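>>> sequence below, structure please.
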Amino acid sequence: MVRLFTAIEIPEQQRIRLGLLRAPLSGAKWVDPDNMHITLRFAGDIDERVADDFAEALGETEIDPFRVTITGVGAFGGRDTRVLWAGVEAGPELDALYRANERAARVAGLEPAPRGFKPHVTLARMRGARNSAAARFLEENGDLRLEPFVVTRFVLLSARPGVGGGPYGLEAAYPLGHQDSSHDFAGSPP
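The predicted model follows:
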């Protein structure tokens with residue numbers, strides 16, 4: 001079994017800037033900047049055959065490169081904040097890329113994604129944090145807007161089976177546009 005997901009990589013400059021948002025919040029487990037990304041499709045713990053089918057179907061994706069801006073912050077969990085995140089602003093190409101990843105997952109035999117697509121960068125996972133502290137973080141960082149960057153590829157990443165989390169392994173990369181892609185999934189980087 002291998003735990004896989006597809007993602008958009010974030011350039012180092014933007015990851016460093018996001019890492020500077022860390023605040024002393026009790027109960028917050030901050031994501032290491034090296035592990036920050038924009039998840040497209042979580043596949044979960046799957047067997048090697050399904051992983052191979054997923055990797056192959058992803059290679060059929062035909063989307064042109066596009067611009068992304070990381071802007072604003074938010075939280076998932078409502079009254080009991082579970083995740084702090086930075087927002088993602090992009091054009092219709094990002095939605096098209098998500099839909100292509102969802103189609104590839106279905107071709108490989110995976111169930112439909114359980115939630116709608118809400119592009120974001122996870123900043124921290126929360127356990128037992130006071131909502132007032134989370135609200136203060138959101139208010140202080142609400143005007144976040146980083147330099148835009150161009151997405152030229154998406155990647156297939158692996159996490160520790162059963163538990164997830166970084167560091168993540170690069171399993172395959174899929175260039176956007178009319179380029180050759182490298183999508184051999186062999187359980188190790190291409």
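>>> mind listing what's buried along the lengthiest helix in the chain?
Assignment by DSSP state H gives helix 92-107 as the longest helix of the chain. Across helix 92-107, burial judged by 16 or more other C-beta atoms under 10 Å covers Glu93, Leu94, Leu97, Tyr98, Ala100, Asn101, Glu102, Ala104, Ala105. All C-beta atoms are positioned from the backbone trio N, CA, C, and that covers glycine.
>>> ok, stretch 16-35 next?
The neighbour-count check on stretch 16-35 (16+ other C-beta under 10 Å) flags Arg17, Leu18, Leu21, Ala23, Leu25, Ala28, Trp30, Val31, Pro33 as buried.
>>> using a markdown table, lay out those together with distance to Val68 and secondary structure.
Below are the buried residues of stretch 16-35 laid out as a markdown table (distance: C-beta to C-beta, whole Å; DSSP: H, G, I helix; E, B strand; the rest coil):
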| residue | distance to Val68 | secondary structure |
| --- | --- | --- |
| Arg17 | 14 | helix |
| Leu18 | 13 | helix |
| Leu21 | 18 | coil |
| Ala23 | 24 | coil |
| Leu25 | 26 | coil |
| Ala28 | 25 | strand |
| Trp30 | 22 | strand |
| Val31 | 18 | coil |
| Pro33 | 17 | helix |
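>>> between those, which is nearest Arg115?
Using C-beta to C-beta, Val31 comes nearest to Arg115 of those, at 19.3 Å.
>>> and the pLDDT for the closest one?
Per-residue pLDDT puts Val31 at 94.
>>> ok, now Leu25?
Per-residue confidence (pLDDT) for Leu25: 85.
>>> any idea how far the closest residue in space to it that isn't next to it in sequence is from Ala75?
Distance criterion C-beta to C-beta, 6 or more residues apart in numbering; nearest residue to Leu25, sequence neighbours excluded, is Ala133 at 5.0 Å. As judged by C-beta to C-beta, to the nearest Å, Ala133 and Ala75 stand 11 Å apart.
>>> what about the two, which has more around it?
The neighbour comparison of Ala133 against Ala75 (other C-beta atoms under 10 Å) goes to Ala75, with 20 against 17.
>>> next secondary structure after the strand or helix carrying that one?
Assessed by DSSP states H and E, Ala75 sits inside strand 66-76. Next helix or strand after strand 66-76 toward the C-terminus (DSSP H and E): strand 83-90.
>>> what mean pLDDT does that following strand have?
Average pLDDT, strand 83-90: 96.
>>> one step back: nearest to Val150 among the buried residues of stretch 16-35?
Here the nearest of these to Val150, counting by C-beta to C-beta, is Arg17; it sits at 17.0 Å.
>>> ok, now which ones touch Gln13?
Glu147 (C-beta atoms under 8 Å, 6 or more residues apart in numbering).
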